[in-house]
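Trainee: quick check, what structure comes out for this input:
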Amino acid sequence: MREIGGPGQARLKRARVMVVGAGGLGAPVLMYLAAAGVGQLTVVDDDTVSLSNLQRQVIHSQDRLGMAKVASARIALAGINPFVTVTAVQARLGADTARAHVAGHDLVIDATDNLATRHIMNAACVAEGVPLLSGAISQWEGQLTLYDPARGAPCLACLFPTIPAEGLAPDCASAGVMGALPGIIGSMMAAEAIKLLAAAGRSLRGRLLMQDVLWGESREIAVHRRADCPVCGQIKEHSA
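Mentor: Residues are numbered from 1 along each chain as shown. Modelled structure (predicted):
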């Protein structure tokens, strides 16, 4: 593809990407990034594979039930592209460890369904100046954007400054999700990551893309940094 070519493929090979979450969203993200030739993938998840996951978490399989998701993902990715270096981290990101995990990566991808973890990840990415590509799904709807205040886009806290009370923003296990939706949104996230890493096309910086698969509709809204954001308000922009 002319927009990628040899230089873009070389950028992908040199890229270091951390994907937090090896579930519904993380599955297509990881599989397509490995297939695209991203050189180094770090997979972070503290969960194990269960039968109920298989409806939507296509990176896992029946013969790996009970296995750590990061180990299962590493097996699947080796089958797709054995030349990708995969680092498996079986842990939940904490406020005291997140920044150390983020450091050294070119891109962090948020494929979680936990708002507290999202905010911890966001703060770490802001501190390290690493772009954060984030996706979210529930029932029939999904959304994605690129948080990157160092390059003019807002951070997560600019848009969602507080964590809702328990029960107000249920995760997929509580609210349910149509099985194909993570594949749709996760594939869109993978495409955005490939574009960003290969320096092709227009990124989602400053744009929130929403997809409603029940009605077959998509829409986009502009999003902006908040000068008074407690997380990124003091961050100075630099060139992309």
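Trainee: buried set for the helix ranked longest in the chain?
Mentor: Looking across the chain with DSSP state H, the single longest helix is helix 181-198. Neighbour counts over helix 181-198 (16 or more other CB atoms under 10 Å) mark 181-183, 185-186, 188-190, 192-198 as buried. Where C-beta positions appear, they are placed from N, C-alpha and C, glycine not excepted.
Trainee: so, low pLDDT: which residues of the protein?
Mentor: Along the chain, the parts satisfying pLDDT under 70 run over 165-174, 238-240.
Trainee: how about 80 then?
Mentor: Residue ranges of the chain with pLDDT under 80: 163-175, 235-240.
Trainee: what about the strands in it?
Mentor: For the chain, applying DSSP state E gives strands covering 16-20, 40-44, 85-89, 107-110, 132-138, 141-147, 207-212, 217-222.
Trainee: could those go into JSON lines alongside mean neighbour count?
Mentor: Below are the strands of the chain laid out as JSON lines (neighbours: other CB atoms under 10 Å):
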{"stretch": "strand 16-20", "mean neighbour count": "25"}
{"stretch": "strand 40-44", "mean neighbour count": "24"}
{"stretch": "strand 85-89", "mean neighbour count": "16"}
{"stretch": "strand 107-110", "mean neighbour count": "26"}
{"stretch": "strand 132-138", "mean neighbour count": "24"}
{"stretch": "strand 141-147", "mean neighbour count": "24"}
{"stretch": "strand 207-212", "mean neighbour count": "17"}
{"stretch": "strand 217-222", "mean neighbour count": "11"}
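Trainee: closest one to residue 124 among those?
Mentor: Proximity to residue 124 (CB to CB) singles out strand 107-110 among the strands of the chain, at 7.9 Å.
Trainee: helices or strands up against that closest one?
Mentor: In terms of contacts (3 or more CB pairs under 8 Å, 6 or more residues apart in numbering; DSSP states H and E), strand 107-110 is packed against strand 16-20, helix 115-128, strand 132-138, helix 181-198.
Trainee: residues touching it, excluding its own?
Mentor: Strand 107-110 is contacted from outside by 15-21, 26, 29, 102, 118, 121-122, 124-125, 130-135, 189, 193, 196-197, using CB atoms under 8 Å, 6 or more residues apart in numbering.
Trainee: which ones are touching residue 131?
Mentor: Counting by CB under 8 Å, 6+ apart, residue 131 makes contact with 106, 107, 108, 125, 146, 147, 148, 150, 151, 196.
Trainee: coming back round to it: the strands of the chain: which one's closest to residue 73?
Mentor: Comparing the strands of the chain by CB to CB, strand 40-44 comes nearest, at 5.1 Å.
Trainee: pull the distance from that closest one to the chain's centre.
Mentor: Relative to the centre of its chain, strand 40-44 is centred 11 Å away, using CA atoms, centre = their mean, to the nearest Å.
Trainee: partners of that strand, with directions?
Mentor: Take DSSP bridges as the rule and strand 40-44 pairs in its sheet with strand 16-20 (parallel), strand 85-89 (parallel).
Trainee: I'd like the ones you listed as TSV, with distance to residue 230 appended.
Mentor: Formatted as TSV, the strands paired with strand 40-44 follow (distance: least, CB to CB, whole Å):
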stretch	distance to residue 230
strand 16-20	22
strand 85-89	28
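Trainee: out of those, nearest to residue 232?
Mentor: With CB to CB as the criterion, residue 232 lies closest to strand 16-20 of those, at 18.8 Å.
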